[in-house]
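Asker: Okay, sequence plus prediction incoming.
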Amino acid sequence: MFVGVLELDLLLDDVHSLKQKRSVVRPVVAELRKRFSVSVAEAGHLDLHRRALIGVAAVAPDGEHIRDVLDACERFAAGRPEFELLSARRRLLGPDD
């Protein structure tokens with residue numbers, strides 16, 4: 001069994017309140033969950049209205065599948081026009097870890 005984790009650090013464009021932030025982040029979290037069958041949550045920068053940290057996690061029997069899914073999630077986030085992807089950090093844990 002392999003577990004993959006992806007942290008997406010986002011800079012939100014044209015957001016001036018936490019309410020506007022939620023209206024941008026919630027659809028992205030929902031779409032990642034629906035499209036890629038992963039666990040997703042806003043996991044950081046909760047009190048900052050122009051930043052968001054989204055955590056993505058996936059479990060699969062092989063590491064290659066995990067890498068493919070996390071790559072697709074990162075590409076999806078990078079292609080969104082309403083924010084800038086500042087960084088993407090990932091970790092892959094396998095049976096030997």
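Answerer: Thanks, I have it. Numbering: from 1, shown residues only.

Asker: Residue 69 sits in which helix or strand?
Answerer: Taking DSSP states H and E as the definition, residue 69 sits inside helix 63-78.

Asker: any idea which helix or strand comes after that helix?
Answerer: strand 83-93.

Asker: so what pLDDT did residue 55 get?
Answerer: Per-residue pLDDT puts residue 55 at 98.

Asker: quick one: contacts for it?
Answerer: Counting by Cβ atoms under 8 Å, 6 or more residues apart in numbering, residue 55 touches 5-8, 40-44. Backbone N, C-alpha and C define where each C-beta goes, glycine included.

Asker: how much space between the residue nearest to it when sequence neighbours are not counted and residue 28?
Answerer: Nearest residue to residue 55 in three dimensions, chain neighbours excluded: residue 43, at 3.8 Å (Cβ to Cβ, 6 or more residues apart in numbering). Going from residue 43 to residue 28 by Cβ to Cβ, to the nearest Å gives 13 Å.

Asker: what touches both of those two?
Answerer: Taking Cβ under 8 Å, 6+ apart as the criterion, residue 43 and residue 28 both touch residue 54.

Asker: What separation is there between residue 36 and residue 24?
Answerer: For residue 36 relative to residue 24 (Cβ to Cβ), the value is 19 Å.

Asker: Keeping just the C-alphas, turn the top helix by length along the chain into PDB.
Answerer: Looking across the chain with DSSP state H, the single longest helix is helix 18-36. Extracted in PDB, the C-alpha atoms of helix 18-36 (Å, rounded to 0.1, in the frame of the first residue of the first chain):
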ATOM      1  CA  LEU A  18     -12.600  35.400   4.300                       C
ATOM      2  CA  LYS A  19     -16.000  35.000   2.800                       C
ATOM      3  CA  GLN A  20     -14.700  35.600  -0.700                       C
ATOM      4  CA  LYS A  21     -11.900  33.200   0.000                       C
ATOM      5  CA  ARG A  22     -14.300  30.500   0.900                       C
ATOM      6  CA  SER A  23     -16.200  31.100  -2.400                       C
ATOM      7  CA  VAL A  24     -13.000  30.500  -4.300                       C
ATOM      8  CA  VAL A  25     -11.500  27.600  -2.300                       C
ATOM      9  CA  ARG A  26     -14.600  25.400  -1.700                       C
ATOM     10  CA  PRO A  27     -15.300  24.800  -5.400                       C
ATOM     11  CA  VAL A  28     -11.700  23.800  -6.000                       C
ATOM     12  CA  VAL A  29     -11.700  21.400  -3.100                       C
ATOM     13  CA  ALA A  30     -15.000  19.900  -4.300                       C
ATOM     14  CA  GLU A  31     -13.700  19.500  -7.900                       C
ATOM     15  CA  LEU A  32     -10.400  17.900  -6.800                       C
ATOM     16  CA  ARG A  33     -12.400  15.400  -4.600                       C
ATOM     17  CA  LYS A  34     -14.900  14.600  -7.400                       C
ATOM     18  CA  ARG A  35     -12.500  14.500 -10.400                       C
ATOM     19  CA  PHE A  36      -9.600  12.600  -8.800                       C
END
